[in-house]
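[1] my questions are about this predicted structure, shown below with the sequence.
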Amino acid sequence: MRKTKRILWICVAVACSLAMLAFSSFDRNRDLEDSRNIAMRHIGHKLLWQNGDSISVVPAVIQIDRSTFRLSFAKPFRFSTDSLVALTEHEAAKGRFPKKYTVKVYNSGERLAYGYEMPALDSTACLGRPQPQDSYRLDVTFTDISESSNTLFYASAIPIVIVFLSFGFKRSPKIPESGSQRKSLKIGAYEYFPETQLLVIGQNREKLTAKEANVLSIFASRQNELITREELQNEVWESKGVIVGRSLDVFISRLRKKFEGDENVKIVNVHGSGYKLIVSAS
């Protein structure tokens, strides 16, 4: 009798937990969709901006299904594969992209022009190859959304597991997950890991602060390009409400010191405009 009551209370508790899980999962998925929509539009803005287009309206993001988002450009443009990978990794470093996603770029003839998957099982293909001018379409599929759709299905087995455990069955040992490969960005002799905010050269590994990592992620994604002070301030301090110009100078100065190990890497001040991360050929 006592055992029956115990099982009943366990099932009731689990049922309540599943209901809460369903509601929280719905809200979380909606928040994630909004966040990824914003990230896609931000990538679209950067791609146009890198082509010298600061006037065209960034097209609306279309959600094809639960896990795929599409950005179609009406005007032709060129892009570098390195730059696109760096842009998506920058969004991942800011938490707006998950660790697992697939990017496919189609040209105006509906042919796959370029694509890659993160985390990459090997080095990302075709890096360093500029793509010709065309009207491209960008499809990004987030693997974690597809996987999360099975959460409630697996969670429904919890009551059965608990009942078995209550009768003395031993829990099966959990198999540890293998560590996922971490993507790095090459900056001269340095390697920068946005996900862990680590800057590495040789045996020297330095952990960056959150603000330093945000600033460096912008520079790393646009090496040898002019980045205005306003863009850096808006990108790094946009959620804080208060922007102090002196603060940006402090972080730039810190980053300069961190690159003293490679004379081919310099952050230079372009008077009256902004900054450049200059990476010279060794």
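    Yep, that arrived.
[2] going forward, measure contacts between C-alpha atoms and count neighbours the same way
    Noted.
[3] tell me which stretches of this structure form helices.
    Using DSSP state H, the helices of the chain run over 2-50, 81-93, 143-148, 151-155, 158-166, 210-221, 229-237, 245-258.
[4] contacting residues around the second one?
    Where contact means CA atoms under 8 Å, 6 or more residues apart in numbering, the residues beyond helix 81-93 that reach it are 39, 43, 46-47, 97-99, 114, 126-131, 185, 194-195, 217-218, 220-222.
[5] re earlier: any idea which of the helices of the chain scores lowest on pLDDT?
    Mean pLDDT across the helices of the chain is lowest at helix 151-155; the value there is a mean of 54.
[6] do I have it right that residue 48 meets residue 54?
    Yes - shown here, residue 48 and residue 54 form a contact pair, counting by CA atoms under 8 Å, at 6.8 Å.
[7] these two: who's more crowded?
    residue 48 (21 against 12; other CA atoms under 10 Å).
[8] neighbours around residue 255, how many?
    18.
[9] in contact with residue 127, which residues?
    81-82 are the contacts of residue 127 under CA under 8 Å, 6+ apart.
[10] and the gap between residue 81 and residue 120?
    Going from residue 81 to residue 120 by CA to CA, to the nearest Å gives 14 Å.
[11] and these two? Which one has more around it.
    Per other CA under 10 Å, whichever of residue 81 and residue 120 has more neighbours is residue 81, with 20 against 16.
[12] how close does that one get to residue 89?
    Note on residue 81: its distance to residue 89, by CA to CA, is 12 Å.
[13] same check on residue 266?
    Distance from residue 266 to residue 89, by CA to CA: 22 Å.
[14] those two: which is more packed in?
    residue 89 (26 against 19).
[15] pretty sure residue 280 contacts residue 223?
    No - contact criterion CA under 8 Å: residue 280 and residue 223 do not qualify, at 10.0 Å.
[16] who's more crowded, those two?
    Shown here are residue 280 and residue 223; by other CA under 10 Å, residue 223 has more neighbours (17 against 12).
[17] check contacts around the more buried one.
    276-279.
[18] among those, which two are most distant?
    276 and 279 (9.3 Å; CA to CA).
[19] shared neighbours of those two, anything?
    Going by CA under 8 Å, 6+ apart, residues that sit against residue 276 and also against residue 279 are 223-224.
[20] what about residue 118, how many neighbours?
    21.
[21] need the pLDDT of it.
    86.
[22] pretty sure it sits against residue 101.
    Yes - between residue 118 and residue 101 there is a contact at 5.4 Å, judged by CA under 8 Å.
[23] if we can go back for a sec, what is the nearest of the contacts of residue 223 to residue 190?
    Using CA to CA, residue 279 comes nearest to residue 190 of the contacts of residue 223, at 10.6 Å.
[24] quick one, what contacts that closest one?
    Residue 279 touches 187-188, 223-224, 264-266, counting by CA under 8 Å, 6+ apart.
[25] swap in residue 278?
    223-225, 264-268 are the contacts of residue 278 under CA under 8 Å, 6+ apart.
[26] and those residues, which two are the farthest apart?
    Across these (CA to CA), the longest gap, 15.3 Å, separates 225 and 264.
[27] ok, for residue 273, nearest residue in space, not its chain neighbours?
    Once flanking residues are discounted, residue 273 sits nearest to residue 228: 5.6 Å by CA to CA, 6 or more residues apart in numbering.
[28] touching, the one you found and residue 275? I think so.
    Yes - contact criterion CA under 8 Å: residue 228 and residue 275 qualify, at 6.4 Å.
[29] okay, these two: which has more neighbours?
    residue 275 (20 against 14).
[30] from residue 249, how far off is the closest residue in space to the more buried one that isn't next to it in sequence?
    Leaving aside its sequence neighbours, residue 275 sits nearest to residue 269 (CA to CA, 6+ apart; 4.7 Å). Plainly put, residue 269 is 10 Å away from residue 249 if you go by CA to CA.
[31] higher neighbour count, those two?
    Legend: neighbour count by other CA under 10 Å for residue 269 and residue 249, higher for residue 269 (15 against 12).
[32] distance of that one relative to residue 104?
    36 Å.
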